[in-house]
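J.: How does the following fold in three dimensions:
(8 chains, ligands or ions: 6)
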Amino acid sequence: MFNYESYLRLDKFPLIWCSGCGDGIVLKSMIRAIDKLGLSKDDVCMVSGIGCSSRLTGYVDFNTLHTTHGRALTFATGIKMAKPRLHVIVVTGDGDATAIGGNHYIHAARRNIDITVILFNNFIYGMTGGQVSPCTPKGKRASTAPYGNFENAFNISGLAQAAGASFVARATVYNAVQLEKLIQRAIERKGFSLVEVLSPCPTAYGRRNREGTPVDMILQQKETTVSVAAAEKMSAEELEGKIITGVLTDVERPECREEYQKLIDSFRKEG
Amino acid sequence: MFNYESYLRLDKFPLIWCSGCGDGIVLKSMIRAIDKLGLSKDDVCMVSGIGCSSRLTGYVDFNTLHTTHGRALTFATGIKMAKPRLHVIVVTGDGDATAIGGNHYIHAARRNIDITVILFNNFIYGMTGGQVSPCTPKGKRASTAPYGNFENAFNISGLAQAAGASFVARATVYNAVQLEKLIQRAIERKGFSLVEVLSPCPTAYGRRNREGTPVDMILQQKETTVSVAAAEKMSAEELEGKIITGVLTDVERPECREEYQKLIDSFRKEG
Amino acid sequence: MAEEKKIKVLTGNEACAEGALAAGMRFYAGYPITPSSEVAEVLAEELPRLGGVFIQMEDEIASMGAIIGASLAGTKAMTATSGPGFSLMQENIGFAAMAEVPCVVVNVMRGGPSTGLPTLPAQADVMQARWGTHGDHAIIVLAPFSVAETFDLTVRAFNLSEQYRTPVILLLDEIIGHVNERVTIVDPGSLEIFNRIVPSDPPDQYKPYRHTESGVPPMIAYGEGYRFHVTGLAHDETGFPTNSAAEIGRMLERHHRKVEQARDHIVQVDPFMMEDAEIGIVAYGSTARSARHAVRLARETGKRVGLLRLKTLWPFADEEIRSYIGQVKSWIVPEMNLGQMAHEVEWALAGSAPVTRLNKVNGDPISPPEIYQIIPG
Amino acid sequence: MAEEKKIKVLTGNEACAEGALAAGMRFYAGYPITPSSEVAEVLAEELPRLGGVFIQMEDEIASMGAIIGASLAGTKAMTATSGPGFSLMQENIGFAAMAEVPCVVVNVMRGGPSTGLPTLPAQADVMQARWGTHGDHAIIVLAPFSVAETFDLTVRAFNLSEQYRTPVILLLDEIIGHVNERVTIVDPGSLEIFNRIVPSDPPDQYKPYRHTESGVPPMIAYGEGYRFHVTGLAHDETGFPTNSAAEIGRMLERHHRKVEQARDHIVQVDPFMMEDAEIGIVAYGSTARSARHAVRLARETGKRVGLLRLKTLWPFADEEIRSYIGQVKSWIVPEMNLGQMAHEVEWALAGSAPVTRLNKVNGDPISPPEIYQIIPG
Amino acid sequence: MAEETLRRKREAEITINTAWCKGCVICVELCPEQVLVMERGKAKVAHLDKCTVCGLCELRCPDFAIVVVDKNKSPKTGE
Amino acid sequence: MAEETLRRKREAEITINTAWCKGCVICVELCPEQVLVMERGKAKVAHLDKCTVCGLCELRCPDFAIVVVDKNKSPKTGE
Amino acid sequence: MSFRYEIRLSGEGGQGLVLAGKILAEAAAVYDDLNATQSQSYGPEARGGASRSEVIISDDEIDYPKAVSIDLLLALTQESCDRYYKDLKKGGILLVDSDAVNRLPEGEFRVISAPIIGLARERVGRALVANIVALGFIAGISGIVSEKSLRSAIEARVPKGTEELNLTAFATGLAEARLLMKN
Amino acid sequence: MSFRYEIRLSGEGGQGLVLAGKILAEAAAVYDDLNATQSQSYGPEARGGASRSEVIISDDEIDYPKAVSIDLLLALTQESCDRYYKDLKKGGILLVDSDAVNRLPEGEFRVISAPIIGLARERVGRALVANIVALGFIAGISGIVSEKSLRSAIEARVPKGTEELNLTAFATGLAEARLLMKN
Ligand SMILES: Cc1ncc(C[n+]2csc(CCOP(=O)(O)OP(=O)(O)O)c2C)c(N)n1
Ligand SMILES: Cc1ncc(C[n+]2csc(CCOP(=O)(O)OP(=O)(O)O)c2C)c(N)n1
Ligand code: SF4
Ligand code: SF4
Ligand code: SF4
Ligand code: SF4
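T.: Ligands and ions are numbered 1, 2, ... in the order given. Presented below is the predicted three-dimensional model:
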């Protein structure tokens, strides 16, 4: 019977995350998805950068790697290229993936390397105490944006799409069931797949921006998001300020390690 | 009367570039565009990274800065933020801008900072002797892709669009007149503006890929490109393998330095 | 000019931000990292009010690039970081050294290597501050030991950087960065502020890398009618790349000379009870506080011990240390690292007196009793 | 095992690639940079044939990350770069040191700082190789002086890296990287190859950072049924982060001990005519060739001079140098930098003999006559 | 199977691990049936009888602190 | 002005800076009127009379080595 | 002879002990013209609150800013009490929250137990200001900083709009302490 | 006594002098069992060809791989001749292309002038193989490497399919040199 515990390093609990942090909800969805897929724990390699979300790798009983800030995808690329039979899953935050790690993010997507990225987007740097992130919406406050963020924010899913990812989806912790399904599909899809999860940070983001309690923040996700299907029927004005959830891209494209294998095999044949 | 020479550091001539290199044609177009705009040489600041194309800054009589590999946009951001009256133009190669410099590229576009980027795309690392670039088309050869490139290539204009650039255009040296006009428009447009110029590298790319003489390579651009207008009338199959030239994006979006000025001004008013 | 004094309680990080503003810094670019983030947070609040620029960049590489750009545009500029970010800045720090661009880089040291001990103190980036970038280069590194001195040395870092056209590194440790302490803020008008020397030549005669006697070429900002070229390639006086071994040698020699011949001005030590000391302690940063305490304790028991505190880490205070040869019979060097400065002290003494190392790298500060215990006699 | 020998003319860069393959390297990630690019170019050709992986990454940071990942996945991995790229790799080199991941980083030194002299030789990254990343860390650095030795030391770099679970830096200079020279390639089967020690414990008892006597914990690859955690944070034996000062101190102490207690195995010098030398030259890399030539010239005129050539730069050969105290009356240290190793030689000698520095940083190699001229007597 | 489940009576067992519970109130507020309450900063079951075993509290508890099982569902045949 | 120009006879002056010319042949091959030839690795004007002052050679010479002027166009009034 | 007075405020993240320490230090340094330092220990990276905040007050230069032999230890949780009481100096004062700390340690120090959090919740109306109530206690017990200075420092450091509330909290603590000290 | 023979091949980028140097070194080292080194000087970064390629041949270990006192200098352009002839040792040989080099320098060395590029173009049919014609000359003039070894090295190093062409080029140079040497 399914239980979370067999996937966890129970002696490391309780989780480091703040009370009401969305990250734990994502973690649970990830475990359910992996369980549904029936992957062997020995064959899963989970790689993270630095940040609150990136601490996840310490809690799961897989092959786990907690790298340097922003670089998880580079380590993951090494692992996947060297040992393609491993299911490589990268856990990263919006700052980790798209601020300092932005280059590796677009390059991994370009290569379409078979790595699943679960990107915890909380619109802020949680771990370091609430500084502005490239995903902080314009006007929102952060410890380094005391008068409101004057910069434009990334559409990070859009960036992955433009860079060449096979699978791109956006989800919320509010809809944790959909989240689990999207993670499952992301892992299944060969190639670079991204699930951008909106994960509330009540401590570093919510408090400063008067977003209310963790519950308020979770429920707010329901209001601010629309599904891809619903969005298709809405006008541009109606979509203003809304975040679209669901599968944004799902295509087959040549995958990096497989393409490389063809090269290796071309010599095997010759020999 | 217009002449190139008043914009050049003639004592640095002849140019370092190989015989038949497209970069000189781009340089000329840039000078014509700047001349048309009537910018004062003292108010133009040209910043480059490292690469053949990036050597351009040594030849032009502006405020010029030849930075580290991939980082031109970061220095340029500092200059623009500190002295917004300067017209900041960044000269960069496909490797410089999108390999090592990819992160700064998407972030400068996201911020929509008022910098004009002239990106010399020759599909290869010229300066270091012909290694594969993130823009090398799949299957093409390079010194580090002796059996043909197994990776997918970037659509670098698409990336800038997805990241939030105001103005994105693609041009060829074949159509040097259009190139000049696009550069002119790019400089005029407030915000991050990109002109991706396809600039043939006969030495490091052409020779290895049997693309013929410099003239062949220039003429080939005519064959492989279609204008935005023409592309709109073509089917997907017809567009297969074609590169679209012309203005891809031209929108007004909040510009970084201006938004910051609003913040400064808000205190001036108070005081 | 009546000195208006104001007493405040600030952390070292806050004092660093205040000191920078007092020195005239009007451009900050950075990327947050514990334990330095408060430097940025204070400046995010203050700079817009003063018409200055605060920008959080996408990473530390970009931050370093941005401050060099801003400095070339004529604005005093700074960034702050900690170990991991400092490692990433090294390439562009080398550019600043090569292109002789004044700027200040603050590294609030935490435990390393790698992610290490993000919230705990260390002093293990001392050698990296000297040698972190590739190629030989001159660099100035200062290390305050109190919040008040953090203010002062931040001002000084800008002054030295402007005076010698070179990046200056300010090394705080987490303790200094985070301790709240009394500071007397003097009227900014009473501070000695050095601004880069601008050229007296007309634009067509300006050489951005002129071989002046001081070794420091006058510097003008971009956009002031002087159109010049700056590159990280080896270059000649005009700033353009050269392959001439003679020109290159001359340039690199000048880079070193401008710092070396000014070393007496740059190097500052603070001797405490050294007049009659037979045992000398060399320390810096927060460890120097423990050392001072230990000296006081030991003096109470009659031991002739003193503290030679380094305010300037690089150039190294070799002459100052050697000036005690004969008098001081043995030295102690306590550091929150594995002996980085002790090695230099040994080098300076060249065997003339023994050096005892006291090293700790587990995130715990070195306490006064730990030092006291190993004071001989 | 009949040794099959093959004579080839190779450059140092080519020999480095060949040596790596001979050592069992099957994963290369890199970013091109002059004067190292040929290492990558050879491997781009060879690795796919051998079923290994060659990947050009988006930058040097990514390259370093990728080789660490590959090594954790069980493959011997390498990258090659030059100064600017080496600066960028520093953060992740520190990760490899902290997480004890074997890997080899080749730096073919060119003139610096910054973009410097991309095609000209230098030896100015010696201190950076030791201190480039933040925090105290142990590191092994080797420097070959010929193409043949480049092959050998590349193999050795992998062996040491596997044996001590640590990143190893191989410092070539542009001359060694680009000179074509005769190499005798031995049958790979006859090479001594060290592979990391795998644990004998069952998975549930495996501690990836066990405090073994040698200081080196056995290491298993990801995906082999041992599920463990690796982090750049300070950690305990199990690999999980800890805040315990005792645990942290123990771990960092072990990191250093594993290299320090093996220093006699790691440190290699090559004495040439040192038996009766009264003047000693300490040199490494291509400069050691000029020095050897100078020694031959000087011996012809009867001067008792010898060369102590360093094959291992770090840990530093202090004991080997000190073993000549009494015999050697004065030392000369010629380097294509401003005296980085000379400083260490002076430290090692602690004033027991004078050291003359011969430094050159203008892109010109130091020629034999330049050394010969300053040999006293 | 869904049919079978429906036919059975749902009898809930809710376990709260107070050592892990951080008192975020998510489970309490998102329970459609108000089964849970807060006590001394931790979640607590107040009205077990009202529980429909919808599992929403468990689904969204970020700290793995709450587990809901349908006691009438045999562990062996469960999903 | 275009009108005026048209009315005038076009008389070309082509200057080749052989120190800068790298002999890429671009100007020679892209000249619609075959005005230019290569000699000893450098471009050379062979048929000046055929030149229509279209400026294409100048436009695409990467090395600023070729300059075409319409001698009948007064420098002052020219564009 | 100069004096050095060491105070450690301990409890859990979110109890505002870092702020309380800063106020204490500021009261001493800015308003009482003494030297003072305040430092804290952090959790992983910068996230979450500190569990420990230390204030050193002296009329001389303060060399070492960390507590080595504590004069006054505030413990708002059992855990912090258990962990830190050993650092108290002989004759020091252990001030604990009487609701949170049930098991009192033994040693050569004086124990003062008071319902600090309870007072904040019930008398002042917000448990959140327990840190300031504690400052009242500390002022009343130790006298190391003057009441007036502490009031000024509180006014200067607490969030705008909460000055009244916090001054009430301070007064509450102070009054209770004085009551206790009389006994 | 051991010998050390220094050859510098100079001209402009694209003339294949690096390849020629490598072939020379390989002929000596692999086939003649001598020690040999080849090195070159580069332009900016790695782009463009080298203008200078140096080969040292010795029966002993070669310490310094750069030329210090040149035995044989090949100059295929006037510029390279002007720049480098001073490095020739007393009694050394200066081999120049007679078409490219008009102004011959004077000094205590022997000058051999021959239409190397012309021979390549006219006799072999491709100016591109002037580098290999030059090798023929060097073999014929210096005798430092054997004809046979050079042939083997050429076959091994030149692009596949061009072996014949290059061997012809070599033979052409060699024959011309022998003719010259006889005079
Ligand atoms: C090179 C480097 N720079 C900066 C940091 C400090 N740092 C750690 S985590 C982090 C940002 C975390 O934000 P995000 O990735 O959004 O994750 P979150 O904590 O919000 O989950 C930063 C800036 C670091 N560890 N390394
Ligand atoms: C940090 C660093 N890494 C690598 C290099 C080497 N390098 C110089 S230019 C270049 C690539 C140039 O390619 P591109 O930007 O496309 O410009 P091009 O030369 O083709 O115009 C590289 C890899 C460097 N100078 N610095
Ligand atoms: S700071 Fe934010 S992201 Fe980090 S654990 Fe707390 S709530 Fe979660
Ligand atoms: S290598 Fe290519 S890009 Fe570089 S100058 Fe030559 S032709 Fe141009
Ligand atoms: S959701 Fe979990 S952590 Fe939150 S109150 Fe309920 S049981 Fe506790
Ligand atoms: S286009 Fe320019 S460089 Fe090329 S041949 Fe003509 S004049 Fe010479």
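J.: give the contact list for residue 119.
T.: The chain I'm using is chain A. Residues in contact with A:Leu119, defined by C-beta atoms under 8 Å, 6 or more residues apart in numbering or on different chains, are A:Thr92, A:Gly93, A:Asp94, A:Ala97, A:Thr98, A:Ile156, A:Leu194, A:Val195, A:Glu196, A:Val197. C-betas here are computed from N, CA, C, even on glycine.
J.: That was the other one, I meant chain G.
T.: By C-beta under 8 Å, 6+ apart, G:Leu119 lies in contact with G:Ala130, G:Val133, G:Thr172, G:Gly173, G:Glu176.
J.: Let's verify it: helix, strand, or coil?
T.: Using DSSP: H, G, I helix; E, B strand; the rest coil, the secondary structure recorded for G:Leu119 is helix.
J.: Enumerate every residue touching A:Gly70.
T.: By C-beta under 8 Å, 6+ apart, the residues touching A:Gly70 are A:Gly49, A:Ile50, A:Asp96, A:Ala97, A:Ala99, A:Ile100, A:Gly101, A:Gly102, A:His104, C:Asp59.
J.: Reduced to three states, what does it come out as?
T.: Per three-state DSSP, A:Gly70 ends up coil.
J.: can stretch C:52-68 be found next to chain G?
T.: No. Counting by C-beta under 8 Å from any C-beta of the partner chain, chain G is not contacted by stretch C:52-68; separation bottoms out at 15.3 Å.
J.: Do that stretch and ligand 2 come into contact?
T.: No. Judged by C-beta under 6 Å from any ligand atom, stretch C:52-68 stays clear of ligand 2, getting no closer than 9.9 Å.
J.: can you tell me the average pLDDT over that stretch?
T.: Across stretch C:52-68, pLDDT averages out at 98.
J.: do the same with stretch A:249-256
T.: pLDDT averaged over stretch A:249-256 gives 97.
J.: go on, stretch C:20-35?
T.: Averaged across stretch C:20-35, the pLDDT comes to 98.
J.: what does stretch G:140-151 give?
T.: Mean predicted confidence for stretch G:140-151 is 94.
J.: returning to that earlier point: what about the contacts of A:Leu119, which are in strands?
T.: Using DSSP state E, the subset of those located in strands is A:Thr92, A:Gly93, A:Leu194, A:Val195, A:Glu196, A:Val197.
J.: could I get those as CSV with neighbour count, distance to D:Ala317 and pLDDT?
T.: Compiled in CSV, the ones in strands among the contacts of A:Leu119 are given as follows (neighbours: other C-beta atoms under 10 Å in any protein chain shown; distance: C-beta to C-beta, whole Å; pLDDT from 0 to 100):
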residue, neighbour count, distance to D:Ala317, pLDDT
A:Thr92, 32, 44, 98
A:Gly93, 34, 45, 98
A:Leu194, 32, 51, 98
A:Val195, 27, 53, 98
A:Glu196, 28, 53, 98
A:Val197, 27, 54, 98
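J.: Just list what the top strand by length along chain G packs against, helices and strands only.
T.: In chain G, with assignment by DSSP E, the single longest strand is strand G:88-97. Using 3 or more C-beta pairs under 8 Å, 6 or more residues apart in numbering or on different chains; DSSP states H and E, the elements in contact with strand G:88-97 are strand G:70-75, strand G:110-114, helix G:116-119, helix G:130-142.
J.: ok, residues contacting the second one?
T.: Right, strand G:110-114. With contact meaning C-beta under 8 Å, 6+ apart, strand G:110-114 is reached by G:91-98, G:101, G:104, G:137, G:141, G:176-177, G:180.
J.: which one of those is nearest chain A?
T.: G:Asp97 (20.7 Å; C-beta to the nearest C-beta).
J.: residues near the closest one, how many?
T.: Using other C-beta atoms under 10 Å in any protein chain shown, the number of residues around G:Asp97 comes to 26.
J.: can you pull the contacts of it?
T.: Counting by C-beta under 8 Å, 6+ apart, G:Asp97 touches G:Ala75, G:Leu76, G:Thr77, G:Ser113, G:Ala114, G:Pro115, G:Ile116, G:Ile117, G:Gly118, G:Ala130.
J.: Apply 6 Å and report the result again.
T.: Contacts for G:Asp97 (C-beta atoms under 6 Å, 6 or more residues apart in numbering or on different chains) come out as G:Leu76, G:Ile116, G:Ile117.
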